[in-house]
Structures are given as C-alpha cells and as structure tokens.
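>>> how does the following fold in three dimensions:
(2 chains)
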Amino acid sequence: MELETKGKFKVELRTFFSLTILNMVIAGLIFALGMSLSITQLLDMIDIGQFDPFSVILIGLGVTAIAGGFYWVMEIVEIMDGIDDIKTAYNELGEDERDTITSLIIRMMAYYRSNKPTITRMIALGRIGGVLFLIAGALGMISVGASIASSGFIAENIGQLFGAIIAFGVGIAALLISRYFSTYSRVWDARLKETMKIEETLEQKLEAK
Amino acid sequence: MKGRRTSFEIYWEILVYCREPRTFTNIINRCDLNSKIGQQHLQFLVDKDYLQVQKEDEKTTYTTTGKAQEYVSLFSKMYGTLFDDLPGFKL
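Residues are numbered from 1 along each chain as shown, chains lettered A, B, ... in the order given. Presented below is the predicted three-dimensional model:
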C-alpha cells in the first residue's frame, strides 16, 4: 500500500517538475522573442531614420513580451523552489516510509493550497504565450509565402521559413504544456475537495469520546 | 514548511513527532509553528487525551498516547488514498 502510494507520488512529482522546466523554457522563449522583436524593430527604425507607427506598435509588443516573459520566469522559479524542496525530502526518505510519505503528501497539499493562484496564472500565461507563438509562426509563414510568390525562392527564405516553423512548434508546445498543467490543477482541486471530506471524518474521530 | 496546512494536518505532524517525549520548543521548531498557535494545538490535543504531559524538574515534555494512534492511522490511510487518482499522463 505504502509502496504503491510512494510510486505514484514519485511519478507525479517528477512529471510536475518536468512540466515546470518545460514551462520555464517557453517563458524564456517568450522573453527572447520579445527582445528580438523590439531590438530588430528599433534598429530598423534608427537605420531608416524615420518614425514608423507600425514599428512602434511592434516595439511595444516586444517590450510587453519581455515583461511578460520575465514575470513568468519569476513565477516559475517560485513554483520550482517549492517542488524542489519536496523532491529533496522525497529523495531522503528513510526507513519509516509510511509516516514520511504522509508527511510529504501534507507538504504537497499545503504547497498546492498556497500556490494555486500562481499555477492558475501559469496556465493562463501558457495559453497566451502559445497563441502568440502560433500567430508569430503563422505570420512568418505567410510572409515567406508572399515573398516567394512575388520574388521567387531565395536562400534567405529557408532561414525565415525555419524560424516560422519553430515559432509555430513552440506555440503548440506551450498550449500542450498549459493543457497538462490544467489537468494537474483539476486533479489537485479534486484532492483539495477530498481533504474537506476527510476532515469531516477526522473531526468526528476527534469529537468521539 | 512552505504553504498552508490545515489544523488536522498539524495535529498529525505533532502526534507523529511526539511518539518520543518532546519539549514545547522541539515541537514548534519541528512543526514550524509560532508559540501562540503551537500552544493552542498542544492544549487541544492534551484536552483530547492524545498527548500526555510529563513534568520533570523544570522540564515539560509531551508524548503521544495510545488513544491518538487511531487518529494517526486513519489520517495516514485517508491521505494515502488522495493519490489513487493520478493526472493520467507522465513525462
């Protein structure tokens, strides 16, 4: 029984940690995309020496992506810190495993109660980031297509097309990760509800003479 | 301990830790409680006969009673079932 719970706990902990790392990668990519977009547009505008409202909008979008990506990374670091503590405690499991496993479950429940708003924000950011990457990828592919249609295929198109496909792929990955987080969140919400029922039973136990 | 625990979770932690005699300071340090909350929880458990108070010289210790074992076992069993359902995927 304890072994089964221990195994399940291990799988879940490892999966959640991996998801958090993947989320961190997406957040880093959003941050990098923002940097690339704003700096490229700014340099282009300086190069041309002319005020271009469209470029200003893109610079604004880039700065928003930088801020969003940075905020996202900070949130994930906080999440990872808590999970890492639980992971370390799990790796140091001693002989008396039943009590230790229960103790870790308590920590995990407490951790989820405290971090539920952050996890909800991560799910939302993942979706927003995913959609942004999908749009960036789609626009990139359309742009390459238009360029090929008007001027024929040139070597530069390969790099642009490659970048657009990567952006599209990252968008799909971000949406998938967000979906996995959402699944986790649903399972944990169900567990929190279950603990309320457990508390009723425990309360009866405590009240019994 | 990072995060919010319920009173029932704290009771379990105190009872498991006090299987051997522990002082008030030991308990609040180990269970990460402030003195006020720690005192309230200990008093509750003493009133329920789940903790036994022993005074020797100037040292007061708390030890879990046999009566508390049912609570500890029930709690562990029920919390173990929380992991019956997994998210359904793994990485």
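
>>> which helix or which strand is home to the residue nearest the centre of chain A?
The centroid of chain A falls nearest to residue A:23 when counting by CA atoms, centre = their mean (2.9 Å). Residue A:23 is part of helix A:2-48 when elements are defined by DSSP states H and E.

>>> which elements pack onto that helix?
helix A:53-91, helix A:97-151, helix A:155-207 (3 or more CB pairs under 8 Å, 6 or more residues apart in numbering or on different chains; DSSP states H and E). (C-beta placed from N, C-alpha, C; glycine too.)

>>> to chain B, which of the ones you listed lies closest?
helix A:97-151 (3.2 Å; CB to the nearest CB).

>>> what sits against the residue positioned nearest the centre of chain B?
Of all residues in chain B, the one closest to the mean position by CA atoms, centre = their mean is residue B:14, 2.2 Å from it. The contact partners of residue B:14, taken as CB atoms under 8 Å, 6 or more residues apart in numbering or on different chains, are B:27, B:31, B:41, B:42, B:45, B:51, B:62.

>>> and if we set it to 10 Å?
Going by CB atoms under 10 Å, 6 or more residues apart in numbering or on different chains, residue B:14 touches B:22, B:27-28, B:30-31, B:33, B:38, B:41-42, B:44-45, B:50-51, B:62, B:64, B:68.

>>> which among those end up buried?
Buried by 16 or more other CB atoms under 10 Å in any protein chain shown: B:22, B:27-28, B:31, B:33, B:38, B:41-42, B:44-45, B:50-51, B:62, B:64, B:68, out of the contacts of residue B:14.

>>> and the furthest pair within these?
Greatest spacing in the buried ones among the contacts of residue B:14, by CB to CB: B:28 and B:68 (18.5 Å).

>>> how about the strands in chain B?
In chain B, the segments counted as strands under DSSP state E are B:22-23, B:51-56, B:59-64.

>>> now render the ones you listed as CSV, adding mean pLDDT and distance to chain A.
Below are these laid out as CSV (pLDDT from 0 to 100; distance: least, CB to the nearest CB, whole Å):
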stretch, mean pLDDT, distance to chain A
strand B:22-23, 95, 15
strand B:51-56, 93, 13
strand B:59-64, 94, 12
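
>>> and those strands as CSV, adding distance to residue A:163?
As requested, these are exported to CSV (distance: least, CB to CB, whole Å):
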stretch, distance to residue A:163
strand B:22-23, 62
strand B:51-56, 65
strand B:59-64, 63
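
>>> low-confidence stretches in chain A?
A:1-3, A:94-96, A:209 (pLDDT under 70).

>>> give me the number of residues near residue 24?
No chain specified, so I'll use chain A. Residue A:24 has 17 neighbouring residues, counting by other CB atoms under 10 Å in any protein chain shown.

>>> please refer instead to chain B.
For residue B:24, using other CB under 10 Å, the count is 15.

>>> next: residue A:194.
Using other CB under 10 Å, residue A:194 has 17 neighbouring residues.
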